[in-house]
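Colleague: Let's see this in three dimensions:
(one chain, ligands or ions: 2)
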Amino acid sequence: MNNLNFIGCDASFEEAQTILFGVPFDGTTSFRPGTRFAMQAIRPDSYGLETYSPYLDADLEDVMICDGGDLELPFGNTQAVMTQIKDYCTDVLAANKMFYMVGGEHLVSLPAIEAAYEKYPELHVIHLDAHTDLRDDYMGEPLSHASVIRRCHDFLGDGRIFQFGIRSGTREEFEWAKTHTHLEKFTLTTLAKTIEQLKDKPVYITIDLDVLDPAVFPGTGTPEPGGISYTELLAAIKLFQQLNHIVSADVVELSPQYDVSGASTAVACKTIREMLLTITK
Ligand code: MN
Ligand code: MN
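Modeller: Ligands and ions are numbered 1, 2, ... in the order given. Prediction:
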């Protein structure tokens with residue numbers, strides 16, 4: 001543990017509009033673990049960034065963001081971890097603030113999205129990922145990072161989930177998606193239309209960084225070639241600015257030790273800055 005805040009996130013909980021926090025959990029990771037170490041790498045490396053974003057013409061120094069630290073989680077009890085994340089997110093939302101959660105593996109999004117749904121029953125989810133994450137279970141386990149979006153569908157229902165950049169999953173998942181979610185394979189071409197459609201709806205945004213090509217972002221547990229460029233991700237974030245009601249968001253699946261150059265951690269840091277500035281107006 002280090003005591004450093006993410007750069008520019010120096011507000012107290014009380015004064016902040018947005019609470020940044022980390023969830024060092026990789027308990028259901030199907031291939032290579034290590035996302036639990038993401039925040040430990042991100043916080044110190046965030047000092048390689050400027051607080052100012054020339055893309056958004058906005059500065060972390062001009063908004064009130066609190067770095068709430070990392071949740072301290074029990075080992076070996078997925079359900080207890082889910083409860084702890086949900087309770088934290090519920091508390092933040094009850095204080096009329098937003099949260100920006102940094103994983104951890106993708107399963108951490110489930111309790112966060114559940115908490116957002118309980119406050120905003122009209123919730124819609126925008127999901128960027130290489131993977132469908134729509135398995136009903138992974139080797140018999142319904143709580144898995146390969147099932148996270150399917151578990152969200154259990155309570156959100158049809159027409160609420162919008163998936164982009166997807167290029168890996170079973171045939172059954174892709175078939176299932178045809179009648180239950182909006183799923184765009186490979187690219188983000190229909191994102192602008194989706195944003196227009198969801199303009200005034202409550203929206204939660206979950207970004208699995210493996211949506212990026214492994215050439216850009218090799219530091220992840222399940223790298224999947226054929227992904228989007230960083231410029232395309234920045235363009236997507238720019239589009240998110242047109243949403244009037246982003247309720248909270250997350251970013252997941254950095255495994256810093258798989259990229260010794262540190263470039264993947266830099267990708268995560270920059271994405272966090274851009275997203276913090278997007279949700280905190
Ligand atoms: Mn995922
Ligand atoms: Mn993925």
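Colleague: For Leu123, grab the count of nearby residues.
Modeller: Using other CB atoms under 10 Å, Leu123 has 23 other residues around it. In this view, the C-beta of every residue, glycine as well, is placed from N, C-alpha and C.
Colleague: Per-residue pLDDT of the residue nearest to it when sequence neighbours are not counted, please?
Modeller: Using CB to CB, 6 or more residues apart in numbering and skipping the chain neighbours, the partner closest in space to Leu123 is Tyr117 (4.6 Å). Confidence at Tyr117, expressed as pLDDT, is 98.
Colleague: Which secondary structure element is home to Gln163?
Modeller: strand 161-166 (DSSP states H and E).
Colleague: Quick one: work out the angle between the host helix or strand of the residue nearest to Leu123 and strand 161-166.
Modeller: Per DSSP H and E, Tyr117 falls inside helix 109-119. Per axes from the mean of the first three to the mean of the last three CA atoms, to 10 degrees, the angle that helix 109-119 makes with strand 161-166 is 150 degrees.
Colleague: The helix or strand that comes right after helix 109-119 near ligand 2 at all?
Modeller: Going down the chain from helix 109-119, the next helix or strand is strand 124-128, by DSSP H and E. No. Strand 124-128 stays clear of ligand 2 (CB under 5 Å from the ion), getting no nearer than 9.2 Å.
Colleague: and the angle for the helix or strand that strand 124-128 is followed by with strand 161-166?
Modeller: Helices and strands here follow DSSP H and E; after strand 124-128, the next one along the chain is helix 148-156. Counting by the same axes, to 10 degrees, helix 148-156 points 170 degrees away from the direction of strand 161-166.
Colleague: Which positions within helix 148-156 qualify as buried?
Modeller: Val148, Ile149, Arg150, Arg151, Cys152, His153, Leu156 (16 or more other CB atoms under 10 Å).
Colleague: what's the distance between Ala16 and Ile279?
Modeller: The gap separating Ala16 from Ile279 is 12 Å, by CB to CB, to the nearest Å.
Colleague: again, but for Pro142
Modeller: Applying CB to CB, the value for Pro142 to Ile279 is 30 Å.
Colleague: Now do stretch 237-255, average pLDDT.
Modeller: Averaging pLDDT along stretch 237-255 yields 98.
Colleague: gap between the two ends of it?
Modeller: Stretch 237-255 has an end-to-end distance of 22 Å (CA to CA, to the nearest Å).
Colleague: Distance from the chain centre to that stretch, please.
Modeller: Distance of stretch 237-255 from the chain centroid (CA atoms, centre = their mean, to the nearest Å) equals 7 Å.
Colleague: quick revisit: does anything pack onto the strand holding Gln163? Which helices or strands?
Modeller: strand 124-128, helix 148-156, strand 182-185, helix 191-198 (3 or more CB pairs under 8 Å, 6 or more residues apart in numbering; DSSP states H and E).
Colleague: could you list every residue that touches the single nearest residue of the stretch 51-200 of the chain relative to ligand 1?
Modeller: For the stretch 51-200 of the chain and ligand 1, the shortest gap (CB to the ion) falls at His106, measuring 3.6 Å. His106 makes contact with Asp129, Asp133, His145, Val148, Thr206, Asp208, Val252, Glu253, according to CB atoms under 8 Å, 6 or more residues apart in numbering.
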